[in-house]
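Undergrad: Okay, predicted coordinates and the sequence, questions at the end:
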Amino acid sequence: MSDQPPVILWIRRDLRLTDHAALHEAAASGRPVIPVFIRDHTVDSLGAAPAWRLELGLDTFAKALKDKGLRLVLRAGPAQEVLRGLVEETGADTVWWQRAYDPASVERDTDVKSALREMGLEAKSWPGHLLFEPWSVATQQGDYYKVYSPFWRAVQGREIAEPLPAPARLTAPERWPESDDLSDWALGARMRRGAAVVRAHVSPGESAAQGRLGAFAASGIDGYKTGRNMLAENGTSNLSEYLSLGEISPAQCWHAGLRARQAGKAGAETWLKELVWREFAYHLMWHTPHLLDDNWRRDWNRFPWNEDRRRREVIAWERARTGIPLVDAGLREMYVTGRMHNRARMVVASYLTKHLMCHWKIGLDWFADCLVDWDPAANALGWQWTAGSGPDAAPYFRVFNPLTQAEKFDPDGTYRRRWIAEGQRNPPDTALAYFDAIPERWAISASDPYPEPVVSHEDGRKAALGAYEARDF
């Protein structure tokens, strides 16, 4: 116990004890620490799967704090009002948190910091969700980077501080403020029956994240350069959901990659570049926030994408019944596991935006509802890159051929058989799980015949190229 006023530690997407700058500083102060998570508009706007995954993460993090003698206080409401109330209840004179970078969070945090300081309180934010603060990387002309390759060259040699250890000792307040019950929030309610299916593929928490990073660095990173594209192989790190919720820090990943590179592991450089691609997405979101909800290249506002979300072809895409096996397999993997292989994501996105000529925002919103590793910057950049409307975009004439992509990256069909039951005499449990995960109202069963393509590759590519070449910008 301590007679000093407590520090309110505002927890957001940083559900970890290690490499947590604000927590580390609070522990070093010797003052009581009151961790609080606030269910505000940024939480209530989450899609079904991200909200469900957040609930699991909060529950796991609360247990980790309990082991350190602390509680995770849960409150709902506008962040500024909640924090003001906690200050009055606890006598705290300090509120610390780690930064977020999406526009809604930046606006909220700016207002909160200003209001708290007007009250005479110390309000301070710390880095930790990224390797580099978005405003700290600039071209020689002082502008932000619009292309990935020079961005990578600009940051690859920067010093990244070693990750901070978990605090050895944390001081609890003499009296804890009241807390909501996490189960009453029902953050995962909209997942409905899909939650039970996806749960088998999710291991929340910092301990699981560190275990996965350790296993990947030991045995997976060496073959990452080629293995990351092979759909049926476990060739990726599978750390995206942990990075999204801050159950592991990018610095921890970065230093693991550096050690692997120094040890001569061939895929380490490629993995480091993928970590920096995540940084690039945040760099762009910070400097051009419209990346999240509008065409990054403004002239693409005149492109004639179809925006009818109830169009027959869109419904077929959403339900993984396009008749294109690789596209459907990728979407079904997402419904069963909450994640999708990155190679499949590109093919799935290309099919929607180019073969079906549908606006990328339809896909962006669908992924935001279905992915447990949803990340605002990465999701937006990925969709705009594929569609051609974004920075560093794929050329408009690049239309991923799902047939040749399957031949190259799933040559024996293992990935497609893993996720598509129709037509198989004894489909695997993974393929059958799709029918347990999806809404019953879709009325789809494994005994249904596999559909004919809603749009063939040849017809879709021809129509896409015609539209792209006819554009007036």
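TA: That came in fine, so what should we check first?
Undergrad: Near residue 28, how many other residues are there?
TA: 10 (other C-beta atoms under 10 Å). In short, each C-beta sits where N, CA and C put it, glycine included.
Undergrad: List the contacts of it.
TA: residue 167 (C-beta atoms under 8 Å, 6 or more residues apart in numbering).
Undergrad: so where is the stretch 201-350 of the chain shaky, pLDDT-wise?
TA: Within the stretch 201-350 of the chain, no stretch falls below the threshold (pLDDT under 70).
Undergrad: Let me see the mean pLDDT of the helix or strand residue 23 falls within.
TA: Using DSSP states H and E, residue 23 maps to helix 21-29. Predicted confidence along helix 21-29 averages 97 (mean pLDDT).
Undergrad: pull the CA atoms of the following helix or strand past that helix into CSV?
TA: Scanning forward in sequence from helix 21-29 by DSSP H and E, the next helix or strand is strand 33-39. Backbone C-alpha positions of strand 33-39 (Å, rounded to 0.1, in the frame of the first residue of the first chain) are rendered in CSV as follows:
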residue,chain,number,x,y,z
VAL,A,33,-1.8,1.6,-10.1
ILE,A,34,-5.4,1.4,-11.2
PRO,A,35,-5.7,-0.2,-14.7
VAL,A,36,-9.0,0.7,-16.4
PHE,A,37,-10.5,-0.3,-19.7
ILE,A,38,-13.3,1.9,-21.0
ARG,A,39,-16.1,0.7,-23.3
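Undergrad: got the buried residues for strand 33-39?
TA: 33, 34, 35, 36, 37, 38, 39 (16 or more other C-beta atoms under 10 Å).
Undergrad: cool, stretch 256-270 as well?
TA: In stretch 256-270, counting by 16+ other C-beta under 10 Å, buried: 256, 257, 260, 261, 265, 267, 268.
Undergrad: ok, now stretch 265-284?
TA: 265, 267-268, 271-284.
Undergrad: Touching it from outside, list them.
TA: Against stretch 265-284 from outside (C-beta under 8 Å, 6+ apart): 101, 130-132, 134, 137, 144-146, 148, 151-152, 155-156, 221-228, 237, 243, 250, 253-254, 257-258, 260-261, 291, 296, 375, 377-378, 380-381, 391-392.
Undergrad: Off-centre distance for it?
TA: Its chain's C-alpha centre and that of stretch 265-284 lie 15 Å apart, by C-alpha atoms, centre = their mean, to the nearest Å.
Undergrad: heads up, I number from 21, so please use that
TA: Noted, 21 is the first residue going forward, which turns the last one into stretch 285-304.
Undergrad: CA atoms of that stretch as PDB?
TA: The C-alpha trace of stretch 285-304 is given here as PDB (Å, rounded to 0.1, in the frame of the first residue of the first chain):
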ATOM      1  CA  LYS A 285      17.800 -17.700 -41.000                       C
ATOM      2  CA  ALA A 286      16.900 -17.000 -44.600                       C
ATOM      3  CA  GLY A 287      13.300 -15.700 -44.100                       C
ATOM      4  CA  ALA A 288      14.100 -13.200 -41.300                       C
ATOM      5  CA  GLU A 289      14.600 -10.300 -43.600                       C
ATOM      6  CA  THR A 290      11.300 -10.900 -45.400                       C
ATOM      7  CA  TRP A 291       9.500 -11.100 -42.100                       C
ATOM      8  CA  LEU A 292      11.000  -7.800 -40.900                       C
ATOM      9  CA  LYS A 293       9.800  -6.200 -44.100                       C
ATOM     10  CA  GLU A 294       6.300  -7.500 -43.300                       C
ATOM     11  CA  LEU A 295       6.400  -5.900 -39.800                       C
ATOM     12  CA  VAL A 296       7.400  -2.600 -41.600                       C
ATOM     13  CA  TRP A 297       4.500  -3.000 -44.000                       C
ATOM     14  CA  ARG A 298       2.300  -2.800 -40.900                       C
ATOM     15  CA  GLU A 299       4.100   0.400 -39.900                       C
ATOM     16  CA  PHE A 300       3.600   1.700 -43.400                       C
ATOM     17  CA  ALA A 301      -0.100   1.200 -43.100                       C
ATOM     18  CA  TYR A 302      -0.200   3.300 -39.900                       C
ATOM     19  CA  HIS A 303       2.100   5.900 -41.400                       C
ATOM     20  CA  LEU A 304      -0.400   6.400 -44.200                       C
END
